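Enquirer: when you get a sec, could you give me coordinates for this:
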Amino acid sequence: MFGWGSVVGLLLLALAETWLHTDDFLYRYRSVFATGRAMDKLRYVESHPPALLVLGNSRVDNGFDPRTLLEGGAADIIGFNMGMPGANAGILYGLVKRLVDQGGLGAKGVRAVIIGLDESLLQAEDSLGYGVFYGDPAWLWQNRDWRGMLAHGIRLWGFSANLKQLREPGKALGFIQASFASVEPIGGGAAEHLGYRAGFGGLQDARQVRRQQESFDTPPDSVQVKALFTTIALLQKHGVQVAVVYPPLLNRELLYLTPQLPVAQPYTTVARCLTALGIPLLALEPGTQRDPVMFINSGHLNDRGAQHYSRLLAKQLRAIWPSLYINEGGA
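Expert: Here you go, the predicted model:
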């Protein structure tokens, strides 16, 4: 029988759904959900627009330190690491579209963007639920992503898989703590290290490494490829310079850099299209034996590795974007 209990239950669900449509929910639980940590970063970018923004997934998140990238540059030029573990190109498009809508790009905002491009950035998987909050509705409609639109509109359903993680004791405790106090994510808030989070942990065992690598040769998703190029076009339309960097891996090169492999063909095609657009493609010591001491696992750098490769990237940035380092040489 439909009684007052049902009415109260529906009201609570409606309130929860409404809260999920606000930035405040994500920011409050930035220490609990990856989507929340992304909001912590996004809020910082919106309130303190960096001249240089680094976009990508986890290999960017713990791979490039903005302070090291701009070391020796102009004092008033800052960078920010907007790496989002598990994000794909469609999520990056939604993020950039939000910055465009808020006037965060161009002369008074972000002037240069580096996109960290690996194979997973062009895969459709979104297990962490970024699309629920950061997907662009017009983009979802244009690409007939009906499930994505439904998840974006009904967020209790769209984010349900992640909310179910609260059944885990550790996750539930973190949720409760964040409900009553301001708790920063592991590695610190966005402002502390300008979005960069040093890699932590030890090398994975063989089973973990195998699982991490098993899908790297999956062909790219056509919608994600489209999202990558649409994101670049949107950035350039608003006067933003764009470059691509290939994050380093321990035991292999990214498929963009290995045209001799048959499975690499779809990825090398993407690289050729980027080159045709005049996008700088930056590789960091390709073809060399990499030192395991710089990695926490086969695909992610620790802080020592991040500092090393950030300096290598900075050398290339000085060549293509010298205005970021205008103070060098006593200027």
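
Enquirer: pLDDT of stretch 300-312, averaged?
Expert: Here stretch 300-312 scores 97 as its mean pLDDT.

Enquirer: and Phe231, how many neighbours?
Expert: Heads up, residue 231 is Thr, not Phe. 23 (other Cβ atoms under 10 Å). For the C-beta atoms, the positions are set from N, CA and C on the backbone; glycine is no exception.

Enquirer: I'd say Thr230 and Gly90 touch.
Expert: No: counting by Cβ atoms under 8 Å, Thr230 does not reach Gly90; the two are 9.3 Å apart.

Enquirer: what do these two both touch?
Expert: Trp139 (Cβ atoms under 8 Å, 6 or more residues apart in numbering).

Enquirer: quick one, which of the two is more surrounded?
Expert: A count of neighbours by other Cβ under 10 Å puts Gly90 above the other of Thr230 and Gly90, at 30 against 19.

Enquirer: how close does that one get to Leu117?
Expert: Distance of Gly90 to Leu117, computed by Cβ to Cβ, to the nearest Å: 14 Å.

Enquirer: do Ile296 as well
Expert: Distance from Ile296 to Leu117, by Cβ to Cβ: 21 Å.

Enquirer: neighbour count: these two, which is higher?
Expert: Counted by other Cβ under 10 Å, Ile296 and Leu117 do not tie: Leu117 has more neighbours, with 28 against 20.

Enquirer: what sits against the more buried one?
Expert: By Cβ under 8 Å, 6+ apart, the neighbours of Leu117 are 56, 228, 244-247, 254, 256.

Enquirer: what subset of those residues is buried?
Expert: 56, 228, 244-247, 254, 256 (16 or more other Cβ atoms under 10 Å).

Enquirer: of those residues, which belong to strands?
Expert: 56, 244-246 (DSSP state E).

Enquirer: which one of the residues you listed is nearest Gly135?
Expert: Of all those, Gly135 sits closest to Gly56, with 17.4 Å by Cβ to Cβ.

Enquirer: give me the pLDDT value at Ala331.
Expert: Ala331 is given a pLDDT of 43.

Enquirer: check Asp118 too.
Expert: So, for Asp118, pLDDT stands at 97.

Enquirer: who's in contact with it?
Expert: 56-57, 59, 246-247, 254.

Enquirer: does it sit in a helix, a strand or a coil?
Expert: coil (DSSP: H, G, I helix; E, B strand; the rest coil).

Enquirer: ok, Gly174 to Thr35 distance?
Expert: Distance, Gly174 to Thr35, by Cβ to Cβ: 14 Å.

Enquirer: quick one, helices of the stretch 101-250 of the chain?
Expert: Using DSSP state H, counting those that start in this stretch, the helices assigned to the stretch 101-250 of the chain run over residues 130-134, 137-142, 146-153, 155-158, 160-163, 169-180, 190-193, 206-213, 222-237.

Enquirer: how distant is the first one from the center of its chain?
Expert: Helix 130-134 has its average C-alpha position 12 Å from the chain's average C-alpha position, going by Cα atoms, centre = their mean, to the nearest Å.

Enquirer: the longest one now?
Expert: Helix 222-237 has its average C-alpha position 15 Å from the chain's average C-alpha position, going by Cα atoms, centre = their mean.

Enquirer: contacts for that helix next, please.
Expert: 88-90, 92-93, 96-97, 100, 105, 113, 115, 117, 121-124, 139, 143, 145, 242, 270, 273-274, 277, 279.

Enquirer: from those, which ones fall inside strands?
Expert: 113, 115, 242.

Enquirer: quick one: low-confidence residue ranges for the stretch 101-250 of the chain.
Expert: Filtered on pLDDT under 70, the stretch 101-250 of the chain yields the residue ranges 201-214.

Enquirer: hmm, Leu52 and Arg111 touching each other?
Expert: Yes: between Arg111 and Leu52 there is a contact under Cβ under 8 Å: 7.4 Å.

Enquirer: more crowded one of Gly174 and Thr35?
Expert: A direct count of neighbours by other Cβ under 10 Å for Gly174 and Thr35 places Thr35 higher, at 24 against 18.

Enquirer: got the contact list for that one?
Expert: With contact set as Cβ under 8 Å, 6+ apart, Thr35 has these partners: 26, 128-130, 132-134, 159, 162.

Enquirer: pull out the buried positions in the one helix or strand it maps to.
Expert: If you go by DSSP states H and E, Thr35 is part of helix 34-47. Buried residues in helix 34-47, defined by neighbour count with 16+ other Cβ under 10 Å: 34-45.

Enquirer: now these in CSV, with pLDDT and distance to Pro292?
Expert: Converted to CSV, these look like this (pLDDT from 0 to 100; distance: Cβ to Cβ, whole Å):
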residue, pLDDT, distance to Pro292
Ala34, 95, 27
Thr35, 97, 32
Gly36, 97, 32
Arg37, 97, 27
Ala38, 98, 30
Met39, 98, 34
Asp40, 98, 31
Lys41, 98, 29
Leu42, 98, 34
Arg43, 97, 36
Tyr44, 97, 33
Val45, 97, 33
